[in-house]
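# okay, structure incoming, though there's no sequence with it:
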DNA sequence: GTTTGGCAATCCGCCATTTAGAGTGCTAAA
DNA sequence: TTTAGCACTCTAAATGGCGGATTGCCAAAC
């Protein structure tokens, strides 16, 4: 949209209005902008500018005789053209680093911690999603009989992640058969990405001397083993603070919000679909296709471990302190990626 | 408390009052009880009885000229002396069985499903906690080098559960050393419970010909490997329906509630502390020591897999349909235990 | 002695009305 | 182009009255 030709006064008014609204959650009137922000203009002049901004669809009045509040497009312009990222305090930085690097914890615990710290220092909902395995390169697969009729399959991926699947088998699998299967799998599949393996498994398992029963087993459970089904785990923290924000005064908003959170699968899918490319992604209000999210914004970023990518970020009302959040999410994502290299 | 000498009229009034209140959430007056429940008494007589019940602390008036509502003690008497468990409908039964036995899913997925079905058919919060590993009997331990400096430890437990831990090691561990360590561990530890192993590991690893480096490694990471730290996982579903109940009209109640849910550790600990013994346990309102739970009730039960026990149940406001919930939780716990034997 | 009808008293929830305040849009003057 | 002034509009909060529900108590009835 052609908002590039906004003049500088309009931009400044929009900026001041949004900054003030983010703090107070109250519609902002012309007087406040004129006085508090010392723009050297009278309220009447500001009013004229505000009318222009309203016609452009960047701000709106909840009702006559109220001040203005930003629309989704208004926030979009703010984020694209006016955002000054706010440097983190040392305290926050060290808090983040401390949490993320917390010793010998597993990936899961780290991500849970991370969502907690994100929630805490932002007072919004901190979210983390564990990395997709799909892009992971198989380093090795192990088959371990653990009990009668149970076979534990361990899929180890470069960068140290591992996934275990418990499968049922007929109880009389021969150990030798199993070993053979194992080595065939390793010979033929190691070095490929899981996604790739999934697509080409049929071909790759042709012409072996393995037990056909086992071959069948592995072909049949293709999706369970190689697919990503619901492996990505979602952690979130900070719901309590979030719902005390004024935008959740209406109970229905809260119910909507929890419907959203309980439908983890679609939420994960959605977040992953949005976090394309490098760096921070911000989506605002109605830009989020999920209905229950139409009054929320998202500040997210990918993080990396090995070849695999996960997502972390913040979910909150469209009225959120974007400039702070961008720095926080960015710094956290980077710290997390660093920490996971070490892991 | 000596509520055993309540006369039968008092009991019937209490019962009717609670049944009605559970349905409507409105204070119940003497007229309703007299008419709706056809007790053959006039409202005035009921009023007298209600005064008695109030003096005993079983019911109370929110304000003059309102009907009465049950107190926590009132619910307690109701549950202990007046509860008629309501048989499940066939529809619900088959829903539960269907979900719980849903094919080849892993434990985690089953428990997640279970919490969902509990939430759905009760309109309260369905909760499941995965079993404690501590009582599990080790069937086998495997050591698998997955990458430079990484060692994957797989702890398999009778009944098919397995836990994997990724450890850091110096990169030049010798495969032969590892195999030896593995077989020593299996020889000396298989058949013992994890809890037992944890306590006696030092002694049991004395006098071996294993690499002292490896021995040290295993002793050092004792807690990570054998301990239960946060392994119990909590699933819950139904928050959205729960908070639409009238008792959550006050926003503070909702925030309290989510503080409770986000503090998973203490919630898990609490639920486990309450679920002693066989069968259903019901705790009401202030009987729950956690502050944020003082206006909620809990209907929980243990379930079993191998030697391990987990907990499932329902969390909701003290005004909950106890008689239904008891049957549902009971049936679900049993179905779950059955399904996990099969697993 | 127990139960009941009658009745005054109490308190809540709802509705309409009022009031104060905030902010606007427009117009005319600077 | 900017500003001051002013009539207008709308909200939020306060006020007051009314109807309804329920109680407690007392005296009469069973």
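Thanks, I have it. A quick note: this is a predicted structure, and the numbers were derived from the prediction, not measured.
# going forward, measure contacts and count neighbours with C-alpha atoms only.
Fine.
# distance check, the nearest residue to residue A:136 once chain neighbours are set aside against residue A:163.
Nearest residue to residue A:136 in three dimensions, chain neighbours excluded: residue A:193, at 5.2 Å (CA to CA, 6 or more residues apart in numbering or on different chains). Distance, residue A:193 to residue A:163, by CA to CA, to the nearest Å: 14 Å.
# neighbour count winner among these two?
Higher neighbour count among residue A:193 and residue A:163: residue A:193, with 20 against 15, using other CA atoms under 10 Å in any protein chain shown.
# who does that one form a beta bridge with?
residue A:137 (DSSP bridges).
# residue A:182 - how many residues pack around it?
Residues contacting residue A:182 under the criterion other CA under 10 Å number 18.
# again, but for residue A:98
Neighbour tally, residue A:98, other CA under 10 Å: 12.
# in the helix or strand where it lies, what counts as buried?
For residue A:98, the element it lies in under DSSP states H and E is helix A:90-100. Within helix A:90-100, the residues scored as buried using 16 or more other CA atoms under 10 Å in any protein chain shown are A:96, A:97, A:99, A:100.
# if we go by neighbour counts, what in stretch A:184-199 is buried?
Neighbour counts over stretch A:184-199 (16+ other CA under 10 Å) mark A:184, A:185, A:186, A:189, A:190, A:191, A:192, A:193, A:194, A:195, A:197, A:198 as buried.
# quick check: the farthest pair among those residues?
Across the buried residues of stretch A:184-199, the longest distance by CA to CA is 18.7 Å; it joins A:184 and A:195.
# which residues in chain A form helices?
Here chain A has its helices, by DSSP state H, at A:8-24, A:30-36, A:43-55, A:72-77, A:90-100, A:107-122, A:175-189, A:194-204, A:212-220, A:222-226, A:239-242, A:251-262, A:264-274, A:322-342.
# okay if I get these as a markdown table plus distance to DNA strand D?
Listed next are these as a markdown table, based on distance: least, CA to the nearest atom of the strand, whole Å:
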| stretch | distance to DNA strand D |
| --- | --- |
| helix A:8-24 | 9 |
| helix A:30-36 | 9 |
| helix A:43-55 | 4 |
| helix A:72-77 | 21 |
| helix A:90-100 | 35 |
| helix A:107-122 | 27 |
| helix A:175-189 | 64 |
| helix A:194-204 | 53 |
| helix A:212-220 | 60 |
| helix A:222-226 | 53 |
| helix A:239-242 | 21 |
| helix A:251-262 | 16 |
| helix A:264-274 | 32 |
| helix A:322-342 | 26 |
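# I'd like those laid out as CSV, including mean pLDDT.
What follows is those, written out as CSV (pLDDT from 0 to 100):
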stretch, mean pLDDT
helix A:8-24, 96
helix A:30-36, 94
helix A:43-55, 96
helix A:72-77, 97
helix A:90-100, 91
helix A:107-122, 91
helix A:175-189, 90
helix A:194-204, 87
helix A:212-220, 83
helix A:222-226, 73
helix A:239-242, 94
helix A:251-262, 92
helix A:264-274, 93
helix A:322-342, 92
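# tell me which of those helices sits nearest to residue B:48.
With CA to CA as the measure, helix A:251-262 is the member of the helices of chain A nearest residue B:48 (39.3 Å).
# identify the residue nearest residue A:284 in space, chain neighbours excluded?
The shortest distance from residue A:284 to any non-neighbouring residue, by CA to CA, 6+ apart, is to residue A:297 (4.4 Å).
# the one you found contacts residue A:282, doesn't it?
Yes. With contact defined as CA atoms under 8 Å, residue A:297 reaches residue A:282; the gap is 7.3 Å.
# more crowded one of the two?
residue A:297 (24 against 20).
# which pLDDT does the model give residue A:140?
We note a pLDDT of 82 for residue A:140 in this prediction.
# and it, how many neighbours does it have?
23.
# cool, and the one 3 residues further on?
For residue A:143, the tally of surrounding residues (other CA under 10 Å) stands at 20.
# so what does the helix holding residue A:98 touch, helix or strand wise?
In terms of contacts (3 or more CA pairs under 8 Å, 6 or more residues apart in numbering or on different chains; DSSP states H and E), helix A:90-100 is packed against helix A:107-122, helix A:322-342.
# quick one: which of those is nearest residue B:226?
helix A:107-122 (16.5 Å).
# please point out which parts of the closest one sit buried.
So helix A:107-122, judged by 16+ other CA under 10 Å, has buried residues A:107, A:110-119, A:121-122.
# distance from the chain centre to it, please.
Chain-centre distance of helix A:107-122: 12 Å, with CA atoms, centre = their mean, to the nearest Å.
# how about stretch A:199-214?
The chain centroid and the centroid of stretch A:199-214 are separated by 37 Å under CA atoms, centre = their mean.
# residues in contact with it: which ones?
A:177, A:178, A:180, A:181, A:184, A:185, A:188, A:189, A:215, A:219, A:222 (CA atoms under 8 Å, 6 or more residues apart in numbering or on different chains).
# need the residues of chain A near chain B, please.
Residues of chain A lying close to chain B (CA under 8 Å from any CA of the partner chain) are A:106, A:139-140, A:146-147, A:150, A:156-160, A:164-168, A:237-241, A:243-244, A:249, A:251, A:254-256, A:258-259, A:262.
# just the buried subset of those residues, written out for PyMOL, thanks.
Entered in PyMOL, the line below selects the buried ones among the residues of chain A next to chain B, by 16+ other CA under 10 Å:
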select buried, chain A and resi 106+139+140+146+147+150+156+157+158+159+160+164+165+166+167+168+237+238+239+240+241+243+244+251+254+255+258+259+262
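# would TSV of the contacts of stretch A:199-214 with distance to residue B:278 be doable?
Listed next are the contacts of stretch A:199-214 as TSV, based on distance: CA to CA, whole Å:
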residue	distance to residue B:278
A:177	44
A:178	41
A:180	47
A:181	45
A:184	49
A:185	46
A:188	51
A:189	49
A:215	44
A:219	43
A:222	40
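# for the residues you listed, which one is nearest chain B?
Using CA to the nearest CA, residue A:222 comes nearest to chain B of these, at 13.0 Å.
# surely the closest one is in contact with residue A:198?
Yes. Residue A:222 is within contact range of residue A:198, at 6.7 Å (criterion: CA under 8 Å).
# next, find the distance separating residue A:18 from chain B.
Taking CA to the nearest CA, to the nearest Å as the measure, residue A:18 falls 27 Å from chain B.
# run a quick neighbour tally on that residue.
Neighbourhood size, residue A:18 [other CA under 10 Å]: 26.
# what do you get for the one 10 residues further on?
Around residue A:28 sit 21 other residues, with neighbours defined as other CA under 10 Å.
# what's near enough to touch it?
Going by CA under 8 Å, 6+ apart, the list of residues near residue A:28 reads A:17, A:20, A:21, A:66, A:67, A:68, A:69.
# using ChimeraX, define a selection of the buried residues within those residues.
Buried members of the contacts of residue A:28, defined by 16+ other CA under 10 Å, are picked up in ChimeraX with:
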select /A:17,20,21,67,68,69
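# and the contacts of residue A:28 near DNA strand C, which?
Checking those against DNA strand C by CA under 7 Å from any atom of the strand, the ones in range are A:66, A:67, A:68.
# about what we covered before: CSV for the buried residues of helix A:90-100, including distance to DNA strand C?
CSV is the format used below for the buried residues of helix A:90-100 (distance: CA to the nearest atom of the strand, whole Å):
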residue, distance to DNA strand C
A:96, 38
A:97, 42
A:99, 42
A:100, 43
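# all set now, cheers.
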